[in-house]
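*Asks:* just coords:
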């Protein structure tokens with residue numbers, strides 16, 4: 001298929017460059033400062049995937065475009081980011097881990113500054129594409145560099161420190177974005193990245209500059225890269241615009257789905273037969289990588305779908321502002337931050353599959369609790385499952401990451417991290433689209449069922465109608481409109497509860513999936529996190 005193809009054996013095992021982990025682990029304050037710098041860069045990166053969401057109405061108004069046009073600010077970033085994340089392994093071997101991380105961070109700062117100065121929607125979208133593209137390698141490379149900073153015995157703690165920022169940032173994004181939009185101007189959601197990114201890049205260069213990996217010139221898999229851009233781009237646009245265009249009732253969505261499917265099939269065939277694939281799909285031959293990455297992707301998709309749905313429901317049906325909805329969901333980070341280091345230490349002695357199982361049971365409990373909400377639920381009741389969910393966040397991300405990177409050769413860790421993060425981010429896009437679409441579709445169904453009972457001649461309907469007219473002095477038509485609003489509120493609430501209940505069932509099912517991973521004894525007794533850090537030592 002490729003003129004430069006080598007024998008199958010040679011293609012399956014290319015000789016890698018030495019990772020920065022060939023250096024000894026960092027010690028003391030240097031390790032702490034380096035970890036903070038990497039975590040800050042990741043937090044800034046992940047924050048930008050969600051911070052603009054609540055600011056779209058403000059951005060659209062200032063730039064003189066419709067809200068639907070403004071959503072391209074989100075779509076453009078997501079498409080570019082999804083394309084470059086799985087390229088991390090190839091780019092690392094070509095340019096080096098440290099160099100690529102620093103270049104990505106500095107370009108991210110530049111793109112953020114340009115986004116804030118954008119005079120038009122077209123310029124903003126172009127700079128968001130640049131921002132998303134350069135952001136791709138930052139997350140997997142920060143993970144690899146973090147593992148390189150810690151000794152084997154503390155590799156679980158390395159993953160814990162890294163995962164805290166990855167989990168808390170999506171929750172903090174809407175809250176921070178709403179606060180900035182309410183109190184300042186929207187460009188500041190991008191300007192705040194400039195000082196943070198420059199500081200993180202400078203510290204990372206001082207600490208990791210002399211820990212660069214070796215590089216080698218690799219041929220560019222032009223066909224694989226082109227196919228990747230086509231199918232990922234078509235898929236992301238389809239997921240982001242599907243609800244707005246009424247999914248498969250739209251010829252645009254049908255065309256995007258067809259393009260994504262055909263390009264994906266050809267991408268698989270090409271990458272599995274090419275001597276130097278741009279994405280290392282052979283990683284899926286490793287059992288723990290496949291089980292860990294898929295389990296993490298599905299769990300993150302369901303989790304992120306709920307993260308998006310809850311504030312939407314609070315704002316549209318419970319009368320909460322964007323800021324107050326963010327405050328209700330923000331406490332999810334409390335237990336996550338407190339317990340993640342503990343989970344990291346537990347990985348040294350506990351089977352990660354057991355920890356993940358407990359996490360999924362907690363997630364299921366939280367979703368079951370939310371499925372009992374109603375339109376009269378108070379703030380305390382709303383926040384209780386949110387706080388509990390923090391424990392599940394701490395206990396599912398770190399162990400699953402350890403399982404995913406178990407038994408991966410040192411030089412393949414950036415590629416494995418990039419591919420697993422690509423699956424996670426794509427699953428998050430699926431989770432958002434599916435949860436919001438189900439929410440609206442089932443709300444329509446519940447509305448139809450409720451209106452069957454809310455009609456003239458039914459005692460409850462007649463009593464409510466008379467009460468509104470006599471007590472409030474409204475007209476007959478106004479009373480009917482008010483009743484329809486009540487029915488809408490109940491329908492959307494019932495629909496949200498359906499999604500929460502379904503999420504609980506999925507989490508229960510995931511407790512079985514994680515046990516398909518190999519146990520620690522079958523991994524040579526090293527433990528998932530320790531083996532994940534093998535490339536660092």
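*Replies:* Noted; the coordinates are in hand. None of the values given here were measured: they were computed from a predicted structure.
*Asks:* tally up the residues packed near residue 119, please.
*Replies:* 8 (other CB atoms under 10 Å). For every residue, glycine as well, the C-beta is placed using N, CA and C.
*Asks:* before we move on, what about the one 4 residues further on?
*Replies:* As a burial measure, residue 123 scores 14 neighbours (other CB under 10 Å).
*Asks:* now do residue 485
*Replies:* Neighbours of residue 485 under the rule other CB under 10 Å: 10.
*Asks:* got the confidence number for the residue of the chain most remote from its centre?
*Replies:* When distances to the mean C-alpha position of the chain are computed (CA atoms, centre = their mean), the maximum falls on residue 470, with 51.2 Å. Per-residue confidence (pLDDT) for residue 470: 71.
*Asks:* after the host helix or strand of it, next one along is what?
*Replies:* Residue 470 is located in helix 459-472, with elements delineated by DSSP states H and E. Sequence order places helix 476-513 as the next helix or strand after helix 459-472, per DSSP H and E.
*Asks:* packing partners of that following helix?
*Replies:* Here helix 476-513 touches helix 287-317, helix 352-370, helix 413-453, helix 459-472, going by 3 or more CB pairs under 8 Å, 6 or more residues apart in numbering; DSSP states H and E.
*Asks:* now it: average pLDDT?
*Replies:* 87.
*Asks:* give the buried residues for that helix.
*Replies:* For helix 476-513, a neighbour-count test (16 or more other CB atoms under 10 Å) marks 479-480, 483, 487-500, 502-504, 506-508, 510-511 as buried.
*Asks:* how far away is residue 46 from residue 193?
*Replies:* To residue 193, residue 46 is 12 Å away according to CB to CB, to the nearest Å.
*Asks:* so which elements touch the helix or strand hosting residue 403?
*Replies:* Assigned by DSSP H and E, residue 403 falls within helix 379-405. Secondary-structure packing of helix 379-405 (3+ CB pairs under 8 Å, 6+ apart): helix 155-183, helix 287-317, helix 322-329, helix 332-346, helix 352-370, helix 413-453, helix 528-532.
*Asks:* centre of the chain to that helix, how far?
*Replies:* Taking CA atoms, centre = their mean, to the nearest Å, one finds helix 379-405 lying 14 Å from the centre of the chain it belongs to.
*Asks:* isn't residue 85 up against residue 137?
*Replies:* Yes: counting by CB atoms under 8 Å, residue 85 touches residue 137, with 7.3 Å between them.
*Asks:* now do the shared contacts for these two.
*Replies:* Shared contacts of residue 85 and residue 137, defined by CB atoms under 8 Å, 6 or more residues apart in numbering, are found at residue 418.
*Asks:* what is the least confident helix or strand in the protein?
*Replies:* One helix or strand of the chain scores below all others by mean pLDDT, DSSP states H and E: helix 8-12, with a mean of 40.
*Asks:* what's the following helix or strand after it?
*Replies:* helix 28-47.
*Asks:* quick one: that next one to helix 155-183, angle?
*Replies:* Inter-element angle recorded for helix 28-47 and helix 155-183: 50 degrees (by axes from the mean of the first three to the mean of the last three CA atoms, to 10 degrees).
*Asks:* touching helix 28-47 from outside, list them.
*Replies:* Contacts for helix 28-47 (CB under 8 Å, 6+ apart): 25-26, 101, 105, 108, 135, 138-139, 142, 145-146, 149-150, 158, 161-162, 164-166, 168-170, 172-173, 176, 193, 196-197, 199-201, 203-204, 207-208.
*Asks:* residues in contact with the helix or strand that comes right after that helix: which ones?
*Replies:* Counting by DSSP H and E, the next helix or strand C-terminal to helix 28-47 is helix 56-63. Residues outside helix 56-63 that contact it (CB under 8 Å, 6+ apart): 52, 66-67, 69-71, 73-74, 118, 120-121, 124, 181, 185-186.
*Asks:* check contacts around the closest residue to residue 357 other than its chain neighbours.
*Replies:* The shortest distance from residue 357 to any residue other than its chain neighbours is 4.9 Å, reached at residue 511 (CB to CB, 6 or more residues apart in numbering). Contacts here follow CB under 8 Å, 6+ apart; on that basis residue 511 touches 356, 357, 360, 361.
*Asks:* hang on, the second one packs against residue 517?
*Replies:* No: the pair formed by residue 357 and residue 517 falls short of the contact definition of CB under 8 Å, at 11.3 Å.
*Asks:* now do the shared contacts for the two.
*Replies:* By CB under 8 Å, 6+ apart, residue 357 and residue 517 have no common neighbours.
*Asks:* want to try a markdown table for the contacts of residue 511, with neighbour count, pLDDT and distance to residue 93 as columns?
*Replies:* Output for the contacts of residue 511, formatted as a markdown table (neighbours: other CB atoms under 10 Å; pLDDT from 0 to 100; distance: CB to CB, whole Å):
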| residue | neighbour count | pLDDT | distance to residue 93 |
| --- | --- | --- | --- |
| 356 | 29 | 92 | 31 |
| 357 | 19 | 94 | 36 |
| 360 | 25 | 94 | 35 |
| 361 | 16 | 95 | 40 |
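*Asks:* what about residue 481, distance to residue 488?
*Replies:* Distance, residue 481 to residue 488, using CB to CB: 10 Å.
*Asks:* whoops, residue 445 was the one
*Replies:* On the measure of CB to CB, residue 445 and residue 488 end up 13 Å apart.
*Asks:* and the helix holding residue 403, what's buried?
*Replies:* Using 16+ other CB under 10 Å as the test for burial, helix 379-405 gives 382-383, 385-386, 388-405.
*Asks:* now the angle between helix 287-317 and it, please.
*Replies:* Going by the same axes, to 10 degrees, helix 379-405 makes 160 degrees with helix 287-317.
*Asks:* where does the stretch 301-450 of the chain dip in pLDDT?
*Replies:* The stretch 301-450 of the chain contains residues with pLDDT under 70 at 322.
*Asks:* returning to that earlier point: can you lay out the helices and strands packed on helix 476-513 as TSV showing distance to residue 342?
*Replies:* TSV is the format used below for the helices and strands packed on helix 476-513 (distance: least, CB to CB, whole Å):
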stretch	distance to residue 342
helix 287-317	20
helix 352-370	10
helix 413-453	23
helix 459-472	52
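*Asks:* what about those, which gets the closest to residue 235?
*Replies:* Residue 235 lies closest to helix 413-453 among the helices and strands packed on helix 476-513, at 7.5 Å (CB to CB).
*Asks:* just checking, what packs against the closest one?
*Replies:* helix 72-84, helix 88-95, helix 138-149, helix 222-241, helix 287-317, helix 379-405, helix 476-513.
*Asks:* ok, which of those comes nearest residue 426?
*Replies:* The nearest among these, by CB to CB, is helix 72-84 at 6.2 Å.
*Asks:* could you give the mean pLDDT of the closest one?
*Replies:* Mean predicted confidence for helix 72-84 is 81.
*Asks:* next, count neighbours for the residue lying closest to residue 80 once chain neighbours are set aside.
*Replies:* Here the nearest residue to residue 80 in space, its sequence neighbours aside, is residue 132; by CB to CB, 6+ apart that works out to 3.3 Å. Neighbours of residue 132 under the rule other CB under 10 Å: 27.
*Asks:* and for residue 467?
*Replies:* Neighbourhood size, residue 467 [other CB under 10 Å]: 11.
*Asks:* which SS class is residue 125?
*Replies:* Classification of residue 125 by DSSP: H, G, I helix; E, B strand; the rest coil places it in helix.
*Asks:* contact partners for it?
*Replies:* Taking CB under 8 Å, 6+ apart as the criterion, residue 125 is in contact with 72, 73, 76.
*Asks:* from the contacts of helix 56-63, which is closest to residue 264?
*Replies:* The shortest gap between residue 264 and any of the contacts of helix 56-63 belongs to residue 74, at 22.6 Å (CB to CB).
*Asks:* over to residue 347: give its phi and psi.
*Replies:* Per-residue torsions, residue 347: phi -60, psi -20 (degrees, to the nearest 10).
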